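Asker: what shape does this take:
(one chain, ligands or ions: 1)
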Amino acid sequence: MARRRVAILISGRGSNMTALIEAARDPAYPAEIVLVASNRAEAPGLDRARSEGIATAVVEHSAFGKDRAAFENALQSVLETHRVELICLAGFMRLLTTGFVTRWQNRMLNIHPALLPAFKGLHTHERALAEGVTEHGATVHFVVPDMDAGPIVAQGAVPVMANDTPETLGARVLAVEHRIYPQALKLLAEGRLHVEGEICRVDAPEARKQEAR
Ligand code: GAR
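Answerer: Residues are numbered from 1 along each chain as shown. As a prediction, this is how the structure comes out:
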């Protein structure tokens, strides 16, 4: 089966991007990374993607001022040029309009450094420590118009230790992010995710085999 064509959108260092690129090096992985796009020309992840031989694009939001739709139209045309089928947001720090999100409905994933629906938004590790939770983690979810919401595809939890700082806790969560994002993209690319209302269900591989008979 043809591998699904994936774009990763970044704004910064791109460590989740790198985890996805590394997973997709395996020819048996059902997705290939055909494009890394950033809204910031200075995003360090761009160099990493280039060094991997992956096409990159910069669509700077600042060039469009407050016109989010114009920024997204430019992004959409880059995605179309590369015949992108699926999108992974990986530290992409721009809110997307309902129009763009609807266009990519059930085809766009995001990773968030918390166990959603807890700790939406920024500074999740600081807030988890301030609340005294004993478990924290990361979530991969489908993107919907509301920020840090949408059907949950995968989660990974880590313990919060008594002596944790935002940095130590963040590093523990990041290791989980790098594990669950490639797993989630694999399921999406295999067509094993089904969104029913607010819930994402995962087909068992066995069920798929039966369908294929
Ligand atoms: C990651 O921790 C990701 O979960 C977070 O930004 C970081 C990007 O790191 N995303 C969000 O907070 C989105 N709401 P990376 O560039 O090294 O992948």
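
Asker: closest point of the chain to the ligand, which residue?
Answerer: Using Cβ to the nearest ligand atom, Gly91 is the residue of the chain that sits closest to the ligand, at 2.6 Å. To be clear about C-beta, it is placed using only N, CA and C from the backbone, and glycine gets the same treatment.

Asker: give me the phi and psi for that residue.
Answerer: With angles defined as degrees, to the nearest 10, Gly91 sits at phi 70, psi 30.

Asker: then Leu89?
Answerer: phi -80, psi 130.

Asker: just Ala7 next, same as before
Answerer: The phi/psi pair for Ala7 (degrees, to the nearest 10) is phi -110, psi 140.

Asker: so what pairs up with it in the strands?
Answerer: Beta bridges link Ala7 to Leu35, Ile87, judged by DSSP bridges.

Asker: still on that earlier bit, contacting residues for the closest residue to the residue of the chain closest to the ligand other than its chain neighbours?
Answerer: Of all residues not flanking Gly91 in the chain, Gly12 sits nearest, at 4.9 Å (Cβ to Cβ, 6 or more residues apart in numbering). Neighbour list for Gly12: Arg40, Ala43, Pro44, Gly45, Gly91, Met93 [criterion: Cβ atoms under 8 Å, 6 or more residues apart in numbering].

Asker: now for Glu52, how many residues are close by?
Answerer: 16 (other Cβ atoms under 10 Å).

Asker: surely it touches Ile21?
Answerer: Yes: using Cβ atoms under 8 Å, Glu52 is in contact with Ile21, at 5.5 Å.

Asker: tell me who's in contact with the residue of the chain closest to the ligand.
Answerer: Counted by Cβ under 8 Å, 6+ apart, Gly91 has contacts Ile10, Ser11, Gly12, Arg13, Gly14, Ser15, Asn16, Met17, Gly45, Ile111.

Asker: just the buried subset of these, please.
Answerer: The neighbour-count test (16 or more other Cβ atoms under 10 Å) applied to the contacts of Gly91 identifies Ile10, Ser11, Gly12, Gly14, Ser15, Asn16, Met17, Gly45, Ile111 as buried.

Asker: make a markdown table out of those and add pLDDT and secondary structure.
Answerer: As requested, the buried ones among the contacts of Gly91 are exported to a markdown table (pLDDT from 0 to 100; DSSP: H, G, I helix; E, B strand; the rest coil):
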| residue | pLDDT | secondary structure |
| --- | --- | --- |
| Ile10 | 98 | strand |
| Ser11 | 98 | coil |
| Gly12 | 97 | coil |
| Gly14 | 98 | coil |
| Ser15 | 98 | helix |
| Asn16 | 98 | helix |
| Met17 | 98 | helix |
| Gly45 | 98 | helix |
| Ile111 | 98 | strand |
